[in-house]
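K.L.:
here is a sequence together with a model predicted from it:
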Amino acid sequence: MTLARGQSVSLEHLSVKFGDFTAVHPTSLTVEDGEFFSILGPSGCGKTTILKTISGFLEPSGGRVLIGGKNMAGLRANRRPTAMIFQSLALFPLMNVRDNVAFGLEARGVGRAARLKRADELLELVALTGQGDKRPGELSGGQRQRVAIARALAVDPEVLLLDEPLSALDLKLRQHMRAELRSIQQKTGVTFIYITHDQGEALAMSDRMAVMNEGRIQQIATPREVYHQPQNAFVASFVGASNILPARVVQRDGPMAELTGPFGSLRARAGTGLEIGQDAYLFVRPEQILITDMGERAGRVENISMEGAQAQMTINDGAISWHAEIPGRSVLSVGHHVRFVVDAEHALALPRSELAASIDGDAA
C-alpha cells in the first residue's frame, strides 16, 4: 500500500475577516513536508478558521495558501490535496466500517473491489483488522476515531487537517490516542496539521507547534522550546502550569536578571526585551521548586492534591503561596513546615504583557 507524500503548507500574510471582525490577522508560517504541526490556543483565537482556510471551506480575506508550493486560490475543498477530520467524526451510522472508509473512493469513481481492498489495507494500518463488517456504533470511541483517520487517508491526501478530534474522548483514551495518532503519522509520512486547545496534546505529539491568541500567532517552535523558552507572558501562562508573580527588574547580569516583588528578591533568566526598571512577570514552574532542608525559603503546607505519581502542593511563606510539584509518595501533609529553593536557572522573567485567561470552552 502506498500513500501520497506529505507536502508543505505555507501561509503568506493570510488574513480572514467576517464583516468588521478580524478572525485571523495577517499571518505567515510554513509547515514542512511530512511534519506533525499543531496550532494551540484558547477558544475563539482563530485556529479553526486557519484550518478551514487551508482546506478550502473558507476563502481568505487577504494573503494566500500554498500546498507543495502551489497556490490554492480558486480551488474548492474537493479539489485540494487535503482531507479533514472534524470533532464529530461524521461517520455514517448505517454503513459498516469498511464502507465508511471506502466512501470517498466511491465518490471518486473507484471500482468496488479496488476500494474495498484499499479500505481493508487502511484498517490494518490503523490496527482495526477484522472490524470492517461492524457498524460504527459497535466500536469504542478510540476505534471510531481510527475509522475516521482511515477514511481520511483513503483519498491519498498530502495534508491531513484535524480539528480537535480527541476532545470527546475521556482522559485515558485521549492519552492513548495521542500515541496512536503520532504513530500513524510517522508510518504514513502525510503532513498533519492538528488544532487543539489541549496543551498536553500539542506538547506530546508535535514536531513543532504554534501558539495563537486573538487571531495572532504568538510563537512557533518545538514543544520543548515553547515550554522552556516562551517568548512572551501569554505563551508562558498558557502552556504548562506556573507560579506567576508580579516583579520589577532591578539589575541585569548577562542572561540573568535580579527582580523584586512580593516574593522579596530573586534571580531569574531574563526574557527577550527585559530591561532594568521594567515591570515584569516572574514565571516559576511547580517542578522547579525544590523541597530541601537546605532551602533559604520556608513556609507552611496549605494544600496537597494527589495526581497519581505526582502531587501538587501549595506552600505559604507568609507573603505569598507557592505551587510546587512533589512525588505522590511523599510523606508531607497539610500543616507541615518545609524549606525550599526556587531554581534561578529555570525561573523566567518576561516583560509585563497579557496573560492567558481560562482555556475552557469549545473549538475556535
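P.N.:
It's in. Bear in mind that the values here come from a model prediction, so they are computed numbers and not experimental data.
K.L.:
gap between residue 352 and residue 237?
P.N.:
From residue 352 across to residue 237, the span is 12 Å (CB to CB, to the nearest Å). The way it works is simple: take the backbone N, C-alpha and C, and place the C-beta from them, glycine included.
K.L.:
and these two? Which one has more around it.
P.N.:
residue 237 (20 against 15; other CB atoms under 10 Å).
K.L.:
so when I look at the more buried one, I'm seeing a strand, right?
P.N.:
No: going by DSSP: H, G, I helix; E, B strand; the rest coil, the assignment for residue 237 is helix, not a strand.
K.L.:
where along the stretch 1-150 of the chain do the helices fall?
P.N.:
Per DSSP state H, counting those that start in this stretch, the stretch 1-150 of the chain carries helices over the ranges 47-55, 97-107, 112-125, 141-154.
K.L.:
packing partners of the third one?
P.N.:
Put plainly, it is helix 112-125. helix 97-107, helix 141-154, helix 171-188 (3 or more CB pairs under 8 Å, 6 or more residues apart in numbering; DSSP states H and E).
K.L.:
run a quick neighbour tally on the residue nearest to residue 145 when sequence neighbours are not counted.
P.N.:
Distances taken as CB to CB, 6 or more residues apart in numbering place residue 177 nearest to residue 145, at 5.8 Å, with adjacent residues excluded. Other residues lying near residue 177 total 21 when counted by other CB under 10 Å.
K.L.:
any idea how far residue 177 is from residue 226?
P.N.:
22 Å.
K.L.:
cool, residue 285 as well?
P.N.:
To residue 226, residue 285 is 13 Å away according to CB to CB.
K.L.:
one step back: the residue nearest to residue 145: what's it in contact with?
P.N.:
142, 145, 166, 169 (CB atoms under 8 Å, 6 or more residues apart in numbering).
K.L.:
show me the two of the residues you listed that sit farthest apart.
P.N.:
142 and 166 (9.2 Å; CB to CB).
K.L.:
which of the two has more neighbours?
P.N.:
Neighbour tally, residue 142 and residue 166, criterion other CB under 10 Å: the higher count belongs to residue 166, 24 against 17.
K.L.:
isn't that one right up against residue 146?
P.N.:
No: contact criterion CB atoms under 8 Å: residue 166 and residue 146 do not qualify, at 11.6 Å.
K.L.:
now for residue 79, how many residues are close by?
P.N.:
10.
K.L.:
joint contacts of residue 285 and residue 226?
P.N.:
In contact with both residue 285 and residue 226: no residue, using CB under 8 Å, 6+ apart.
K.L.:
neighbour count for the two, which is higher?
P.N.:
Between residue 285 and residue 226, counting by other CB under 10 Å, residue 226 is the more crowded of the two (28 against 20).
K.L.:
can you classify that one as helix, strand or coil?
P.N.:
Strictly by three-state DSSP, residue 226 counts as helix.
K.L.:
what's the spacing between it and residue 220?
P.N.:
9 Å.
K.L.:
cool, residue 266 as well?
P.N.:
Following CB to CB, the distance that separates residue 266 from residue 220 is 30 Å.
K.L.:
equivalent analysis for residue 90, please.
P.N.:
For residue 90 relative to residue 220 (CB to CB), the value is 30 Å.
K.L.:
over to residue 196?
P.N.:
Distance of residue 196 to residue 220, computed by CB to CB: 15 Å.
K.L.:
ok, those two, which is more surrounded?
P.N.:
Neighbour count, other CB under 10 Å: between residue 196 and residue 220, residue 196 has more, with 23 against 19.
K.L.:
the more buried one bridge partners, please.
P.N.:
Taking DSSP bridges as the rule, residue 196 bridges to residue 40.
K.L.:
what does the pLDDT read for residue 2?
P.N.:
Confidence at residue 2, expressed as pLDDT, is 57.
K.L.:
with the one 5 residues further on instead?
P.N.:
Here the pLDDT value assigned to residue 7 is 92.
K.L.:
many thanks, we can stop here.
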